[in-house]
Structure formats: C-alpha cells, structure tokens
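Undergrad: just a sequence and a predicted model for now, questions to come.
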Amino acid sequence: SIACDSKAMAMMKESADLGFFYAQVKLGSTYYKGVGGTVDKAKSAYYCTLAHSQDPDSFPGYWLGFIFLEGSGGMVKSLYRAKYYLQRSAEKGLADAYTPLAFTLLELGKAQSCYFPGGKFITGHNCILRSLFWQRKAADNGDPRAIKVVSEFEKNAQRGCERCGRINAEFNPDPMKRCSRCKSVWYCGKECQHKHWKDGHKIDCVQY
C-alpha cells in the first residue's frame, strides 16, 4: 500500500542518514528509478555519493555514471565523470554498465575530435575499439542491441584494410588478416598490419 511504501521509505531514509551503507545504496537507486513514483535524481545523486564514498567499487557508481551522462540531479553533464563511474562498475563485472560505458567512450571520442573529416578515428586515439570491447562484453551477456552493433561493425570492418583502405574482394584476393588481440580490425597483409601497429594501433588495441 501507499502508506506502507511511505513508511518503508521513511525508515530507509533514516537509516541512510545515519550512515548505513546498504540503505544509502537502496535509497539512491530507488530515487533514480522512481519506484513508487519517487523519482528525484538530486536525492539519488546525494545518497549514491554517500554510499560511493564508503565503497568506491560499489553499485552506486553505476547510477552516478548515468547522472553525469545525463546531466541530471543538479549535476553538470560530464562524459569524463560518467566514464569514471561506469568504467569502475564495468570493471567490477556489473553487466548493466557495459553498454552505457561503450556509448560514453564513443561520445567522449567525438567530443575530443579524435577523428578525421568523414568520421574515421585517428590511429592512436581510436575510442571505437575500446567502446567495442565493452559492446562485446554486453553481447556475450546476451544483450540484443550489443549483438547487433558488434555484428554490423564486424561486417563493415572486414570489407577493407584498416590501414590502406583496400577493399577486400576488389583489390585483395587473399583472406583479410584479423588482429588476433582486439579482433576488431582487418588488414590486407602483414605489411599493413605491422605498419598500423607502429602508427598507433598498439595504443588503441584492447585485448579481448
């Protein structure tokens, strides 16, 4: 009932204000998700921050990541802070953080203008590969959106050499060589693969 929900929220708030970690976690997520019509992202940010201060590797970081990604709850939108919180959550194995982190990394790369005119990212500053790493993680967990993104990316990427741009079927009769480390770029041969590694792929390459 509404009365019971109100009483539970009051008790939870009292516990959270006394410093109880799990009450802060629950209250932060409840205010964010709006369970029982209680959406208040400013309060969500407040209680998630309190909980995060007690345990930086805890679940509240996930909600803080969203808050900074949206610029909600009175917080200024910050892709850097969103990345920080979402990445900590993802690295701790929170599967729900994989896809939003992938999106944040991609947006961060665009904001930093790390790409050539036409949309191709500069080697050594290619956030697509780091974004794709987390998309693969989400796909492995069965996320249908991530599965589609990874599938479409691989279909397009293997059409041509990442370094020289040669189209696979048209100019290169041999099978394309795939980077065995990140599994996200293809080459027409060893020469392009070695040169691309020195050009900066060694910075972008994330082992999967």
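TA: Cool, got the structure.
Undergrad: going by C-alpha atoms from here, please, whenever you check contacts or count neighbours.
TA: Noted.
Undergrad: if I look at K137, how far off is E154?
TA: Going from K137 to E154 by CA to CA, to the nearest Å gives 15 Å.
Undergrad: just P100 next, same as before
TA: 20 Å.
Undergrad: list the buried ones in stretch 143-162?
TA: By 16 or more other CA atoms under 10 Å, the buried positions in stretch 143-162 come out as 143, 146-147, 150, 157-162.
Undergrad: what about Y84, how many residues close to it?
TA: Neighbours of Y84 under the rule other CA atoms under 10 Å: 17.
Undergrad: so it, which state does it fall into?
TA: Using DSSP: H, G, I helix; E, B strand; the rest coil, the structure places Y84 in helix.
Undergrad: give me the element the most centrally placed residue in the chain is part of.
TA: Nearest residue to the geometric centre of the chain (CA atoms, centre = their mean): L101, 1.0 Å. Following DSSP states H and E, one finds L101 within helix 98-111.
Undergrad: let me see the mean pLDDT of that helix.
TA: On average, the pLDDT along helix 98-111 is 89.
Undergrad: over to stretch 185-193?
TA: Averaging pLDDT residue by residue across stretch 185-193 gives 91.
Undergrad: likewise stretch 196-204?
TA: Stretch 196-204 shows an average pLDDT of 92 in the prediction.
Undergrad: do stretch 144-156 as well
TA: So the average pLDDT for stretch 144-156 ends up being 92.
Undergrad: same question, stretch 65-80
TA: 94.
Undergrad: thought P60 was touching S53?
TA: No. Taking contacts as CA atoms under 8 Å, P60 lies outside contact range of S53: 9.8 Å.
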